[in-house]
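Q: take a look and give me a structure for this.
(2 chains)
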There are 2 protein chains.
Amino acid sequence: MERAIGVIDSGIGGLTVAQELMRQLPKEKLIYLGDTQRCPYGSRTEEEVQQFTWQMVDFLLTKNIKMLVVACNTATAFTLPELQKKLSIPVVGVIQPGARTAIKMTANNRIGVIGTEGTIQSRAYEQALNTIKTHIYIESLACPQLVPMVEQGMLSGYKAEQIVRESLAPLLMKNNIDTLILGCTHYPLIKDTIQKVIGQEVTIVSSSEETARETSTILDVHGLLYQGEREAKHAFYTTGNLEMFTTIANGIFNQEVGNVPVVDCEKIVIH
Amino acid sequence: MERAIGVIDSGIGGLTVAQELMRQLPKEKLIYLGDTQRCPYGSRTEEEVQQFTWQMVDFLLTKNIKMLVVACNTATAFTLPELQKKLSIPVVGVIQPGARTAIKMTANNRIGVIGTEGTIQSRAYEQALNTIKTHIYIESLACPQLVPMVEQGMLSGYKAEQIVRESLAPLLMKNNIDTLILGCTHYPLIKDTIQKVIGQEVTIVSSSEETARETSTILDVHGLLYQGEREAKHAFYTTGNLEMFTTIANGIFNQEVGNVPVVDCEKIVIH
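A: Predicted coordinates:
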């Protein structure tokens, strides 16, 4: 199937999902839209997140995408069920794949979740985990310092480690989880620092990696995988603030992302 | 959704998939049918495997299952596309989940696959891997000694290790894969022995564990997850040879599987 996979995110965190999609599904084309003009979503209201997400979805629908990946935990928490209900294409969010993997990985049924305030307050991970398994202990923690740190490009080193240690302090004090879900797509960029702070004995689940893995499953089950041979070309769009986007994107992909057109999402009103 | 997940297998290998389903989806009911009377399928013809598989599917359809798991690599290799086309419920096999995970895990794009003669000759893993990713080196190896060894209850120790070492010799000589797919649902029972022989640096992918993980994904995407609270009760059926089945099942589940009715599959002809 020639059509592309659409990926939306509040800004740059979803690039870690795009990176994994490109690695795990190298024949699939991506069309990525990052709402860099209005990010971060973590502290926005549910209504704002819903409105912004639908605007981005409407843009990608004009590109005839075959599947939608909501590569932002906050947007997933607030919009996934509605998107799944209203769109005729498959929609995957970043919360359920991480939850399922954590259930697969945990041996002591004690799982930690870190994310933005919006994601943690939504209790979306608790709900995703408990839908599948009731007898599970979940320790959720909002880490509002981590996204700004990543967006400043501070990914490792003494200062980054100090901020991560402060942020994770409530988890470290209890120290009884065996699995930690990175419930924000920015966090895979500081995975090594988080692993160092939380300890090697805790399994870290990257929602980005697992979302790419489930996208592969869902495309297959729906008969939507591209069947031929090609080196897929991708397209990246933002809503503004181009410099931060291209700097971080070029770092993640280790190559220039090329031309990144700016989209005015507020002008696209279909629903 | 109250209905059960149906699981079919040539005999006892699929119990490792059932075990993972019970662990990863503890609220879901299973109805398992093992074709112990006619196992192993590994050296049977394509036509025989297709005929036997449809007989088992017909039996499970009378139980109103909501999803079908083909927990046997040989049956998956020979029947999955047809089952997916003809049945109105979702169908998952054991080959694609292992293939997708191997692609996620490998760093050097060199993947080994071990399985029965039927599975290896079908080239189903090559096909599943190459559909997703072309530039990948795959080393496939039939290990006909391993299923009889497992069915005799020989899972570890010197003799088991010796047989595994002999079987894997062609892989060990080349020694350049970083990921090994256990392409037979018996093999998770000797995973530790295989890991010891192949070395700790090789990531072993259990198709059983990954199939359970994808069953969870597919149920969710189709809105078929059980939403309430319950301790699920399961039902096990065989086509005969009950003693071997209950001995191995009790060992895997660490508890008695209870009454295991014998089904005469040849009498059920719906298609």
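Q: from here on, just use CA atoms for contacts and neighbour counts.
A: Noted.
Q: ok, the closest residue to A:Leu25 other than its chain neighbours - how many residues close by?
A: Of all residues not flanking A:Leu25 in the chain, B:Ile132 sits nearest, at 5.9 Å (Cα to Cα, 6 or more residues apart in numbering or on different chains). Number of residues near B:Ile132 (other Cα atoms under 10 Å in any protein chain shown) recorded here: 24.
Q: repeat that for A:His222.
A: When neighbours are counted by other Cα under 10 Å, A:His222 comes out with 12.
Q: what does A:Ala232 give?
A: When neighbours are counted by other Cα under 10 Å, A:Ala232 comes out with 14.
Q: that one - that's part of a helix, no?
A: No: secondary structure assignment (DSSP: H, G, I helix; E, B strand; the rest coil) places A:Ala232 in coil, not in a helix.
Q: backbone torsions only: list them for it.
A: When read as degrees, to the nearest 10, the backbone of A:Ala232 gives phi -70, psi 140.
Q: pretty sure it sits against A:Lys27.
A: Yes: using Cα atoms under 8 Å, A:Ala232 is in contact with A:Lys27, at 5.2 Å.
Q: shared neighbours of the two, anything?
A: Common contact partners of A:Ala232 and A:Lys27 (Cα atoms under 8 Å, 6 or more residues apart in numbering or on different chains): none.
Q: and the gap between A:Gly11 and A:Glu117?
A: Plainly put, A:Gly11 is 17 Å away from A:Glu117 if you go by Cα to Cα, to the nearest Å.
Q: and the two? which has more neighbours close in?
A: Applying other Cα under 10 Å to A:Gly11 and A:Glu117 shows that A:Gly11 carries more neighbours, namely 27 against 17.
Q: so the more buried one sits right up against A:Thr36, yeah?
A: Yes: assessed by Cα under 8 Å, A:Gly11 is found in contact with A:Thr36 at 4.3 Å.
Q: identify the contacts common to those two.
A: Jointly contacting A:Gly11 and A:Thr36 under the rule Cα under 8 Å, 6+ apart are A:Thr238, A:Phe245.
Q: pull up the residues of the stretch 151-271 of chain A that are close to chain B.
A: Contact residues (Cα under 8 Å from any Cα of the partner chain) of the stretch 151-271 of chain A with chain B: A:Glu209, A:Arg213, A:Glu214, A:Ser216, A:Thr217, A:Ile218, A:Leu225, A:Tyr226, A:Gln227, A:Gly228, A:Glu229.
Q: for the second one, the count of nearby residues, please.
A: Here the neighbour count serves as a burial measure; for A:Arg213 (other Cα under 10 Å) it reads 23.
Q: confidence score at it?
A: For A:Arg213, the pLDDT comes out at 96.
Q: next, the angle helix B:207-221 makes with the strand or helix carrying it.
A: A:Arg213 is part of helix A:207-221 when elements are defined by DSSP states H and E. Angle of helix A:207-221 versus helix B:207-221, following axes from the mean of the first three to the mean of the last three Cα atoms, to 10 degrees, is 80 degrees.
Q: poorly predicted segments of chain A, please.
A: Where chain A drops to pLDDT under 70, the residues are A:1, A:175, A:268-271.
Q: tell me where it has helices.
A: A:15-24, A:46-61, A:73-86, A:95-105, A:117-122, A:124-132, A:146-151, A:158-174, A:191-198, A:207-221, A:242-253 (DSSP state H).
Q: for stretch A:83-101, which outside residues touch it?
A: The contact list for stretch A:83-101 (Cα under 8 Å, 6+ apart) reads A:66-73, A:76-77, A:80, A:124-125, A:128-129, A:181-183, A:205-208, A:210-211, A:214-215, A:218, B:24, B:213, B:216-217.
Q: how about stretch A:125-140?
A: The set of residues external to stretch A:125-140 that reach it, using Cα under 8 Å, 6+ apart, is A:95-96, A:99-100, A:103, A:109-114, A:120, A:171, A:177, B:24-27, B:225-229.
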